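*Asks:* model the following, please.
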Amino acid sequence: MNAEPSCLDFALTEKIQSGHHDRQAIVYVRQSTVRQVEHNRESTRLQYALADRACRLGWRRDQITVIDDDLGRSGASTLDRPGFQRLVAEVGLGHVGMVIGIEVSRLARSCRDWHQLLEMCALFDTLIGDADGVYDPSTYNDRLLLGLKGTMSEAELHILKSRMHEGRKAKARRGELILGLPRGYVLKPSGEVALDPDEEVQRIIRLVFAVFERRRSISGVLRYLVDHDIALPDRIRSGPEKGDVCWNRPNNATIGDMLRHPTYAGAYVYGRSHSDGRLRLPGKPHSGRRIIGDRQKWMVLHQNALPAYIDWKTYEQNQDQMAKNRTRYPGVPRGGAALLSGLVSCGVCGRKMVTGYNDDGREARYSCSWEATTYGGRHCQSISARPVDARVSALVLEAVSPSAIDVSLQVAEDIELERQQIHDGWKQRLERADYEVALARRRYEAVDPDNRLVARTLEKDWETALAKRQTFVDDHQRTLSKQPERLTEEEKEVIRHLAEDVPSLWTAESTSALDRQTIARIMLDRVVIQVFGETERAEIKCHWAGGIITTHPIIRTVRRFEQLEHHDEILARITALRDQGATAQQIADNLNAQGWSPAKKSRFDALIVQKLLVRKGLGKKRPIWSGHIPRRNDDEVTLQELSEKLGIHRQTAYGWLRRGKLRGRIVEVGTQRIWLVSLSQASTGTCTGESS
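*Replies:* A predicted model of the protein is given here:
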């Protein structure tokens, strides 16, 4: 015979209605750490057994859903708990009749997350059950009890953390807490910290500090390691190969961490970093940690407590040197010559391009050097800032030209129409407020003055209506003040006049580079640059404020004529015109008319054409190379003839002559003074006589 039902069973039966049975029951299973999942299996088994309890409470087996996605995850937050997020989503969709957990701490250790779940359950008529009973969050008593349980769960977590943290700090003050060692150190079974027993590992670690002492920069150390194909050693921290030495590609961040870590100077440190929740990234619970630069704020610092690679004095010198190497104001206008400093990105790899200056700061260049500075690789691309800044300046001036101002005035009129609609809405609200004030006033005036009990209440209602109306008036004025006023014709004319003066203002001496950079940063989010090989062609993509993207080709200067994309066509055209008897100036005019430009200038001129003709063997030979030079014998040749016969540069032959390794004499042909040297002596390399 079945036992008589208890009072608790009757209470449970009253709370669980047929509407709850029509929906599913969710059993939430969670363990805080992977270690608990592996070793505290009894707790996990009890949580899974809650599905049987749901069956006893009236749910069918197919209506019961077990959510165990959060096994091995802490309940302190919902950021890394997909199971809890799924639970809240199901409750919010009205699919859940009851949520069952072994206790409140399994569901949440944070009152914020716990009360969010309670609000959702109360709103969608969802019950909550644990080992002690079933609760209805929509009722006062159950809500009070559940809130108290959630507070106790959060307090319990706080107490546990406080105890563990205090114990950790006490151990750290004694210098016995070893949480993680940098590369080059190992922890002995006895608990002592020692240098890595691998001599090669020790050698590489010492090499990093020695190279930094010579080159004085992190990039210099990286370049040295890359040039000599040296990898950085480390011990594998986890997995089946834990403890084995692995060799990694050197990079800027790793070298910087090594140079900044005080353990290499033999110091035991605790509290060198802090966690900033604002910087924590979703899915990365250990992110958001930042190093505390001020050593006075470190919690524990024991010098000469560990074996060292360098002494403490060297460590402090390294920190001072790295502090001097840092850029003081990264990412803001610095007043240099470059218009787009900090705004340019690489069109090849997408990373930010740096700005470099030469010629005492008068010439700037945009370079993508992330691969080179981080891994010692090759530079991605670079371009002179002059053509880029000129093109962007023209685009900025075009954007604020009079035509653009006319568009802005039209937009202002559209905004005025929208403002009028908003004003009409406020007008209706004010009319309603006026009616409520008038109604309250009439009620107050209609009451018998001797009936003070009613009169005082009606007077308060009247005052409340007046205050509400005044609030509406203030809000209305505040809203209108944020909207642009309608421009008069005089104001429009002033704006047009200012727009016409923008180009002259942009180039005026009173306008500093910092002013132009500030304007560019207001109008542009970034500029993406792509250079097409070694040719003169490049392309910029301007990402304007507001989301508009425009693409513009630019022509840059190159070092050599052969780098020009159409240099073969240009040379063929020059040859054809030369064969037709055209002069150098006529050839230059023809090339300019067809839109071609030379390597280092914007237009061709006669001198550039003449140099090209000489380089390509199309020009007239100079008279000094004619056969009218008086020679003593056939062995005497000019320096130009010698360089052609030996396949050397003319300056090389002149250097031999100047240093006395070649005998020669000067002859005069008209107004020209020409050197003649011995061909046989130059060929054998045996003559050392002085020049005559």
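
*Asks:* quick one: low-confidence ranges for the stretch 251-400 of the chain?
*Replies:* Counting by pLDDT under 70, the stretch 251-400 of the chain has low-confidence residues at 282-283, 285-286, 327-335.

*Asks:* residue ranges for the helices of it, please.
*Replies:* 252-260, 312-325, 370-375, 385-399 (DSSP state H, counting those that start in this stretch).

*Asks:* quick one: the strands in the stretch 301-450 of the chain, in order.
*Replies:* 344-346, 354-358, 363-368, 381-384 (DSSP state E, counting those that start in this stretch).

*Asks:* now do the buried residues in the last one.
*Replies:* For strand 381-384, a neighbour-count test (16 or more other CB atoms under 10 Å) marks Gln381, Ser382, Ile383 as buried. In this view, the C-beta of every residue, glycine as well, is placed from N, C-alpha and C.

*Asks:* so where's the stretch 501-650 of the chain shaky on pLDDT?
*Replies:* 501, 616-628.

*Asks:* list the residues that contact Pro250.
*Replies:* Leu222, Leu225, Val226, Ile230, Ala231, Leu232, Tyr375, Gly376 (CB atoms under 8 Å, 6 or more residues apart in numbering).

*Asks:* which residues sit in contact with the closest residue to Arg560 other than its chain neighbours?
*Replies:* Closest residue in space to Arg560, ignoring its immediate chain neighbours: Ala599 at 6.0 Å, by CB to CB, 6 or more residues apart in numbering. The neighbourhood of Ala599, defined by CB under 8 Å, 6+ apart, consists of Glu536, Thr557, Val558, Arg559, Arg560, Phe561, Gln563, Leu564.

*Asks:* in stretch 115-124, what counts as buried?
*Replies:* So for stretch 115-124, counting by 16+ other CB under 10 Å, buried means His115, Leu117, Leu118, Met120, Cys121, Ala122, Phe124.

*Asks:* ok, now stretch 125-144?
*Replies:* Of the residues in stretch 125-144, Asp125, Thr126, Leu127, Ile128, Gly129, Asp130, Val134, Tyr135, Asp136, Pro137, Asp142, Arg143 count as buried by neighbour count, 16+ other CB under 10 Å.

*Asks:* about what we covered before: give me the secondary structure label for the residue nearest to Arg560.
*Replies:* Using DSSP: H, G, I helix; E, B strand; the rest coil, the three-state assignment for Ala599 comes out as coil.

*Asks:* which residues in the stretch 51-200 of the chain form strands?
*Replies:* Counting by DSSP E, counting those that start in this stretch, the stretch 51-200 of the chain has these strands, from start to end: 64-71, 96-100, 127-130, 133-135, 185-187, 193-195.

*Asks:* list the buried residues for the fifth one?
*Replies:* Residues of strand 185-187 classed as buried under the neighbour-count rule (16+ other CB under 10 Å) are Tyr185.

*Asks:* quick one: strands adjacent to it?
*Replies:* Paired strands of strand 185-187, with direction, are strand 193-195 (antiparallel) (DSSP bridges).

*Asks:* among the contacts of Ala599, which ones are buried?
*Replies:* Neighbour counting with 16+ other CB under 10 Å marks Glu536, Thr557, Val558, Phe561, Leu564 as buried within these.

*Asks:* next one: the first one from His567, what distance?
*Replies:* Using CB to CB, to the nearest Å, Glu536 is found at 10 Å from His567.

*Asks:* and for the fourth one?
*Replies:* For Phe561, the distance to His567 equals 6 Å [CB to CB].

*Asks:* gap between the residue nearest to Arg560 and Arg573?
*Replies:* From Ala599 to Arg573 the distance is 16 Å (CB to CB).

*Asks:* and what of Ala210?
*Replies:* Counting by CB to CB, the gap from Ala210 to Arg573 is 59 Å.

*Asks:* mind putting the helices of the stretch 251-400 of the chain in TSV, distance to Phe84 and mean neighbour count included?
*Replies:* Output for the helices of the stretch 251-400 of the chain, formatted as TSV (distance: least, CB to CB, whole Å; neighbours: other CB atoms under 10 Å):
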stretch	distance to Phe84	mean neighbour count
helix 252-260	34	16
helix 312-325	44	14
helix 370-375	39	16
helix 385-399	50	18
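
*Asks:* hang on, Phe212 packs against Leu222?
*Replies:* No - Phe212 is not in contact with Leu222 according to CB atoms under 8 Å; the separation is 10.2 Å.

*Asks:* what's near enough to touch Arg60?
*Replies:* Residues counted as contacts of Arg60 (CB under 8 Å, 6+ apart): none.

*Asks:* looking at it now. What's its pLDDT?
*Replies:* pLDDT for Arg60: 88.

*Asks:* ok, now the one 3 residues further on?
*Replies:* Confidence at Gln63, expressed as pLDDT, is 88.

*Asks:* repeat that for the one 3 residues further on.
*Replies:* For Val66, the model assigns a pLDDT of 90.

*Asks:* distance of it from Leu148?
*Replies:* Here the criterion is CB to CB. By it, Val66 lies 27 Å from Leu148.

*Asks:* neighbour-wise, which of the two wins?
*Replies:* Taking neighbours as other CB atoms under 10 Å, Val66 and Leu148 compare with Val66 leading, 17 against 11.

*Asks:* give me every residue that touches the residue nearest to the more buried one when sequence neighbours are not counted.
*Replies:* Once flanking residues are discounted, Val66 sits nearest to Val27: 4.7 Å by CB to CB, 6+ apart. Taking CB under 8 Å, 6+ apart, we find Val27 in contact with Gln47, Tyr48, Leu50, Ala51, Ala54, Ile64, Thr65, Val66, Ile67, Ile100, Gly101.

*Asks:* again, but for Cys346
*Replies:* Lys352, Met353, Cys368, Trp370, Cys380, Gln381, Val528, Ile529, Gln530 are the contacts of Cys346 under CB under 8 Å, 6+ apart.

*Asks:* mind listing what the first one touches?
*Replies:* Taking CB under 8 Å, 6+ apart as the criterion, Lys352 is in contact with Gly342, Val344, Ser345, Cys346, Trp370.

*Asks:* let's see it at 6 Å
*Replies:* By CB atoms under 6 Å, 6 or more residues apart in numbering, the residues touching Lys352 are Ser345.

*Asks:* for Gln381, see how far away it is.
*Replies:* 13 Å.

*Asks:* what of the fourth one?
*Replies:* If you measure Trp370 against Gln381 using CB to CB, the figure is 11 Å.

*Asks:* equivalent analysis for the third one, please.
*Replies:* When distance is defined by CB to CB, Cys368 is 5 Å away from Gln381.

*Asks:* next one: the second one
*Replies:* To Gln381, Met353 is 8 Å away according to CB to CB.

*Asks:* restricted to buried residues, select the contacts of Pro250 in ChimeraX.
*Replies:* Selection of the buried residues among those in ChimeraX, burial being defined by 16+ other CB under 10 Å:
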select :222,225,226,230,232,376
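
*Asks:* now tabulate the contacts of Pro250 in CSV and tack on secondary structure and distance to Gln672.
*Replies:* Formatted as CSV, these follow (DSSP: H, G, I helix; E, B strand; the rest coil; distance: CB to CB, whole Å):
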residue, secondary structure, distance to Gln672
Leu222, helix, 55
Leu225, helix, 57
Val226, helix, 53
Ile230, coil, 58
Ala231, coil, 63
Leu232, strand, 64
Tyr375, helix, 57
Gly376, coil, 53
